[in-house]
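[1] Build the 3D model from these lines:
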Amino acid sequence: MIFKRIGSICFALAFMLAIVVFANVGAEYIPREIAKTGMIISGGTALLMNLLSFRYDSYTENNNLVFWIGSVLVFAGLIMKIRYIPYNQMILIAGLGIVGLSYFYNPFAKKDTQPEDELLDQ
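    Numbering: from 1, shown residues only. The predicted structure follows:
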């Protein structure tokens, strides 16, 4: 899966740039504003690549589109917060609420239509 591999590389790059932005480690090599922009671009690319790989890996039951919708909202809220755009907290709270809901509810999960005939304790 090429999308997953590209997504993993972009996530690693985003985390390394986040260390530069938030911990000022390596700030003498990479200016903070360039690291911040690179972190946003590589994080967004990684999120997009994982969303595309979700489409191809949709045969597994653990994948949940509701989780990805919430993740996109959280990402948009974080960009709004970094860029000081108003109403960023409402977007973040909505995204986190949707992500939290996705752990309890998956509308795309396959329903088990065949009843179990076996008893565990015979």
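[2] C-alpha from now on. contacts and neighbour counts both.
    Fine.
[3] and stretch 24-36, which residues are buried?
    Within stretch 24-36, the residues scored as buried using 16 or more other Cα atoms under 10 Å are 27, 32, 35-36.
[4] hang on, I meant stretch 2-10
    Here stretch 2-10 shows 3-4, 6-8, 10 as buried, counting by 16+ other Cα under 10 Å.
[5] Pop the domain breakdown of this protein in here.
    1-59, 64-107 (automatic domain parsing).
[6] least reliable of these going by mean pLDDT?
    The minimum mean pLDDT among those belongs to domain 1-59 (a mean of 86).
[7] could you dump the buried residues of stretch 24-36 to a markdown table with secondary structure and distance to residue 99?
    Below are those laid out as a markdown table (DSSP: H, G, I helix; E, B strand; the rest coil; distance: Cα to Cα, whole Å):
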| residue | secondary structure | distance to residue 99 |
| --- | --- | --- |
| 27 | coil | 33 |
| 32 | helix | 30 |
| 35 | helix | 27 |
| 36 | helix | 25 |
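[8] Just want the most central residue of this structure.
    Per Cα atoms, centre = their mean, the C-alpha nearest to the average position across the chain is that of residue 71, at 4.5 Å.
[9] Just the C-alphas of the helix or strand where it lies, formatted as CSV.
    Taking DSSP states H and E as the definition, one finds residue 71 inside helix 65-82. Output of helix 65-82 as CSV, limited to C-alpha atoms (Å, rounded to 0.1, in the frame of the first residue of the first chain):
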residue,chain,number,x,y,z
LEU,A,65,-15.3,6.6,8.5
VAL,A,66,-16.7,8.5,11.4
PHE,A,67,-13.3,8.5,13.0
TRP,A,68,-11.7,10.0,9.9
ILE,A,69,-14.4,12.7,9.7
GLY,A,70,-13.6,13.7,13.3
SER,A,71,-9.9,13.6,12.6
VAL,A,72,-10.3,16.0,9.7
LEU,A,73,-12.2,18.3,11.9
VAL,A,74,-9.6,18.1,14.7
PHE,A,75,-6.9,18.9,12.1
ALA,A,76,-8.8,21.9,10.7
GLY,A,77,-9.4,23.1,14.3
LEU,A,78,-5.7,22.8,15.1
ILE,A,79,-4.8,24.8,11.9
MET,A,80,-7.3,27.4,12.9
LYS,A,81,-5.8,27.6,16.4
ILE,A,82,-2.2,27.9,15.1
